[in-house]
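[1] Next input, structure requested:
(chains A and B)
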Amino acid sequence: MRGAKSAKWVAIAAVVALGATACGGGDGDKGSDSKAAVDPNGKFSVEVGEPQNPLQPANTMESNGSIVIKSLFSGLVDYDENGKIVYVNAESVDSKDNKTFTVKLKPGWKFHDGTAVTAESYVKAWNWAANPDNKQTNSFWFSDIQGYDEVAPAEGKPKATELSGLKVVDDNSFTITLSKPIPYFVYKLGYEVFAPLPESFYKDPKAAGENPVGNGPYKFVSWDHKKQIEVTRFDDYQGPNKAKNGGVVFKNYTNLETAYEDLKSGNVDVLRQIAPKDLPVYKADLGDRAVDQAYSAIQTIAVAYYTKQWKDIDPKVLQGLSMAIDRDTITKTVLQGTREPATGWVAKGVLGYQPNAAGDVTKYDAAKAKELIKAGGGVPGNAISIQYNADGGHKDWVEAVCNSITKATGVKCTGDSKADFQADLNARDAKEVKSLYRSGWVLDYPFNANFVRDLFGTKSDGNQGGFSNKTIDQDIAAADAASSLEESEKKYQEIEKQLPNYMPSIPLWYYKVNAGFSESVSGVKYAQDGDPILTGVQVKKK
Amino acid sequence: MGRYVARRLLQMIPVFIGTTLLIFLMVYALPGDPVRGLFGDKAGSPQVIASLRHEYGLDQPILVQYFNYMKDMILHADFGTQIASGRPVTDVLGDAFPVTLRLASLAFAIEVVLGITLGVVAGLRAGRATDNVVLVITLLFISVPVFVLGFILKLVFAEQLHWLEPNVNDSTNYGQLLMPAIVLAAASLAYVTRLTRTSIAENVRADYIRTAIAKGLPRRRVVGVHLMRNSLIPVITYLGTDLGALMGGAVVTEGLFNIKGVGGTIYESIVRREGTTVVGLVTILVLVYLVANLLVDLLYAVLDPRIRYA
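    As a prediction, the model looks like this:
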């Protein structure tokens, strides 16, 4: 049997070759049940997906990475639950003209590697991140600062490598000069992008992305890709949000159903979201450990103003369509109470939120809807479609919204599904949306300008539908030129009140956090961006 | 024999190039751009987008991209870099393959041992009660979708009986991998059983079996050597292709039990349009398929002395 022997050899060779790549890895401990005192050194675990990007503050846009970054880095300021500024690393951020800001740091802060946090740590980090050569996805956040156009010109070669608007005064203070005044600029500083970086970062930014050294309440321990990220409490932390626990394990889950099962069996402590399948039962399962609270994000139906259909539309038609959507019923039934009907364009928990800003436009009234559409000259073609991505669980509510519109007004409405978010974005970028599209917006900073200026200004980043209105643009410019934060807030509130007359988009509902936590932790709260506040979590003694 | 293997190995080259090129083109043809995708709902800064596209060579024609990619892969075993995370694809592969390999081999073992045993038992008792019971069970396995089976097992063994962990938290722990392996093996197991049963039932009436029995050989030897060897050829053919399917096609099972294996990684990479990661993973799967098929063909010669390769 010549064949037999040779075949065996081939088989062994293949096994060896494949086995060579195998490697081990373990984790483990974590029991459940106990009703004892708080263990200040106890660690707990949070459900998170694998961060998409390396853990560099200016390179993290999606939620899986940003929750980790936020635990490792502390910026100048943060916000409280009403959207008010809280100073973290900064002692003060002052400005007389809203153009030049003087930042004073609290002295004595240290990075996790023991080096001091100085004005230089901030200025150098921002210059580095703004430089397009370093390919940081969030670099446009620095575009407000003077000199950005020289560092990252839209065309041609950069003329400078440092932002001329940043100047170190001494070890603990520096100034920021903007290219034009922004009264609420301090709010932007709360975003992770504006975190400081230690000197060691620049030696090998790539390695620092795998092994970040920050100045935040937690110190990085390890990142076992696709399994977990572990951080431990930083004992020399000086900020107001010192961790009340020993550390966090960010556990990797690919879907929410499995995470929920693990929560019930005590393998994970804090969830950020509950899967649709478990929504009907999670309150019964978890009791007072179930979380149901609004956070600052809004779902809208945006209008593709570049299409023939909507180009010269009378806003009355859109008002009519908006009034034809029965938000109360849809959020309660199809969405199982996971959303709250929107009454304006600015989400809750944001400074400048005003209840019922949109007035009657977001109230369901079939007769009036019909009337308004008729008065506005009717929907061109008497048919609309709503584009959405099929991989985001949007199909059900899009159909429900369509049914509601058709039933109330007789306008034909269909869902236009794109295979996934990428394909959806592609169509939006290429201005190929046929009629309407779904659009979600989670806050960047809790100030109402973020929901008005950054979405409806003619040249805003978030304005993908091509909405453009001279009056709104002028009002935005005026609000940005306001002399104080309060005045600017008020002016943006006025703009929001005006929006029903222009209908840049149809507000649908605000998002809610539907989450839960295990019996071994307490004090779990959720912030405006929907993420749990890690530092406040207390772990029970085992 | 040696020449046969050499010829088969050479034939793998065009197959290999063809599949990788096809996959490369298919990922490229999908709407969406991996670099643009990094920015989500917000528009990114054009300078950064341009320099990222340049870094990953996405600004070059597709065939040039393919050529560069293959050159690096063959000459330096470099599978490229993931766009979002900036990690080398070889690292990603190194994370995913060992996990999948453990899961697939456990499932494969279950499938082979249980499938063939059940098949032999049913085949020898063809037409009787045992046979019918096995037929009904396998029918059930084939018709119940994977995720339904997964949820039922989880509900019973994890949530009610508390015998097993509901999900895999440590992928080196075979105890935790057992449940997903059973789910993964279920459908294939049914096919293996049915194939074995049919060919055993057929061969049991063959002349050479009658001869073997007439020679006075013990029943164990008649069944174990004479009958099995000839009956296993169709089963081996099926198993060879199934090995590849177990490794690459376990997306549903992996998702269900939170296993970070190859299937899920491929799915995620396609969603993010990470062409290089997809091609890297699939390249290895293609190699697995090709090698498994070669092994199957060589095994024919072992099982049936009438087959000779030159």
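
[2] ok, and for stretch A:74-87, which residues are buried?
    Going by neighbour count (16 or more other C-beta atoms under 10 Å in any protein chain shown), the buried part of stretch A:74-87 is A:74-79, A:83, A:85, A:87. All C-beta spots, glycine's among them, are computed from the backbone N, C-alpha and C.

[3] From those residues, list the ones also adjacent to chain B.
    Contacts with chain B within the buried residues of stretch A:74-87, counted by C-beta under 8 Å from any C-beta of the partner chain: none were found.

[4] got the residues you listed as a markdown table, with secondary structure columns?
    Listed next are those as a markdown table, based on DSSP: H, G, I helix; E, B strand; the rest coil:
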| residue | secondary structure |
| --- | --- |
| A:74 | coil |
| A:75 | coil |
| A:76 | coil |
| A:77 | strand |
| A:78 | strand |
| A:79 | strand |
| A:83 | coil |
| A:85 | strand |
| A:87 | strand |
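
[5] any idea how far residue A:192 is from chain B?
    14 Å (C-beta to the nearest C-beta, to the nearest Å).

[6] repeat for residue A:396
    Counting by C-beta to the nearest C-beta, the gap from residue A:396 to chain B is 19 Å.

[7] what does residue A:393 give?
    14 Å.

[8] Residue A:282 versus the nearest residue to that residue once chain neighbours are set aside, what's the distance?
    If the residues on either side of it in the chain are set aside, residue A:393 comes closest to residue A:276, at 6.4 Å by C-beta to C-beta, 6 or more residues apart in numbering or on different chains. The gap separating residue A:276 from residue A:282 is 11 Å, by C-beta to C-beta, to the nearest Å.

[9] cool, residue A:372 as well?
    For residue A:372, the distance to residue A:282 - C-beta to C-beta - is 39 Å.

[10] among the helices and strands of chain B, which has the poorest mean pLDDT?
    Within chain B, no helix or strand scores below helix B:34-37, which has a mean of 77 by mean pLDDT, DSSP states H and E.

[11] what's that one packed up against?
    Contacts defined by 3 or more C-beta pairs under 8 Å, 6 or more residues apart in numbering or on different chains; DSSP states H and E place helix B:34-37 against helix A:421-429, helix B:46-55.

[12] which parts of the helix or strand just after the last one are buried?
    Taking DSSP states H and E as the definition, the helix or strand that follows helix B:46-55 towards the C-terminus is helix B:62-76. Using 16+ other C-beta under 10 Å as the test for burial, helix B:62-76 gives B:65-66, B:69-70, B:73.

[13] tell me how far the helix or strand that contains residue A:513 is from the chain's mean position?
    Secondary structure assignment for residue A:513, by DSSP H and E: strand A:505-516. Its chain's average C-alpha position is 13 Å from that of strand A:505-516, according to C-alpha atoms, centre = their mean, to the nearest Å.

[14] now stretch B:177-196
    12 Å.

[15] now do stretch A:253-263
    21 Å.

[16] same question for it, mean pLDDT?
    Stretch A:253-263 shows an average pLDDT of 86 in the prediction.

[17] so, in contact with chain B or not, that stretch?
    Yes - interface with chain B: stretch A:253-263 contributes A:253-255, A:257-259, A:261-262 (C-beta under 8 Å from any C-beta).

[18] for the strand or helix carrying residue A:316, packing partners?
    Using DSSP H and E, residue A:316 falls within helix A:315-323. If you count contacts as 3+ C-beta pairs under 8 Å, 6+ apart, helix A:315-323 packs onto helix A:366-375, helix A:395-409, strand A:505-516.

[19] Switch the ones you listed over to TSV; also include mean neighbour count.
    Formatted as TSV, those follow (neighbours: other C-beta atoms under 10 Å in any protein chain shown):
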stretch	mean neighbour count
helix A:366-375	17
helix A:395-409	20
strand A:505-516	24
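
[20] can I get those in a markdown table with distance to residue A:148 and mean pLDDT?
    Converted to a markdown table, the helices and strands packed on helix A:315-323 look like this (distance: least, C-beta to C-beta, whole Å; pLDDT from 0 to 100):
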| stretch | distance to residue A:148 | mean pLDDT |
| --- | --- | --- |
| helix A:366-375 | 44 | 93 |
| helix A:395-409 | 39 | 93 |
| strand A:505-516 | 29 | 92 |
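
[21] Next, the residue positioned nearest the centre of chain A: phi, psi?
    Among the residues of chain A, residue A:442 comes closest to the average C-alpha position under C-alpha atoms, centre = their mean, at 4.9 Å. Main-chain torsions, residue A:442, degrees, to the nearest 10: phi -100, psi 140.

[22] what bridges to it?
    residue A:297 (DSSP bridges).

[23] Once you drop chain neighbours, what's closest to the residue in the stretch 1-150 of chain B that chain A sits nearest to?
    For the stretch 1-150 of chain B and chain A, the shortest gap (C-beta to the nearest C-beta) falls at residue B:32, measuring 3.1 Å. Nearest non-adjacent residue to residue B:32, counting by C-beta to C-beta, 6+ apart: residue A:422, 3.1 Å away.

[24] show me the residues around residue A:321 that make contact.
    Residue A:321 makes contacts with A:369, A:373, A:379, A:384, A:405, A:409, A:411, A:506, as judged by C-beta atoms under 8 Å, 6 or more residues apart in numbering or on different chains.

[25] returning to that earlier point: adding neighbour count and secondary structure, write the residues of stretch A:253-263 next to chain B out as CSV.
    CSV is the format used below for the residues of stretch A:253-263 next to chain B (neighbours: other C-beta atoms under 10 Å in any protein chain shown; DSSP: H, G, I helix; E, B strand; the rest coil):
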residue, neighbour count, secondary structure
A:253, 22, coil
A:254, 23, coil
A:255, 16, coil
A:257, 22, helix
A:258, 23, helix
A:259, 27, helix
A:261, 25, helix
A:262, 23, helix
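
[26] Distance to residue B:226 for these - can I get that in JSON lines?
    Below are the residues of stretch A:253-263 next to chain B laid out as JSON lines (distance: C-beta to C-beta, whole Å):
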{"residue": "A:253", "distance to residue B:226": "52"}
{"residue": "A:254", "distance to residue B:226": "48"}
{"residue": "A:255", "distance to residue B:226": "49"}
{"residue": "A:257", "distance to residue B:226": "50"}
{"residue": "A:258", "distance to residue B:226": "48"}
{"residue": "A:259", "distance to residue B:226": "53"}
{"residue": "A:261", "distance to residue B:226": "49"}
{"residue": "A:262", "distance to residue B:226": "51"}
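
[27] Residue B:212 contacts residue B:224, correct?
    No - at 11.1 Å, residue B:212 and residue B:224 do not qualify as touching, with contact defined as C-beta atoms under 8 Å.

[28] if we can go back for a sec, going by distance to residue A:40, which of the residues of stretch A:253-263 next to chain B wins?
    Nearest to residue A:40 among the residues of stretch A:253-263 next to chain B is residue A:262, at 24.9 Å by C-beta to C-beta.

[29] SS state for the closest residue to that closest one other than its chain neighbours?
    If the residues on either side of it in the chain are set aside, residue A:262 comes closest to residue A:268, at 4.5 Å by C-beta to C-beta, 6+ apart. Look at residue A:268: counting by three-state DSSP, its state is coil.
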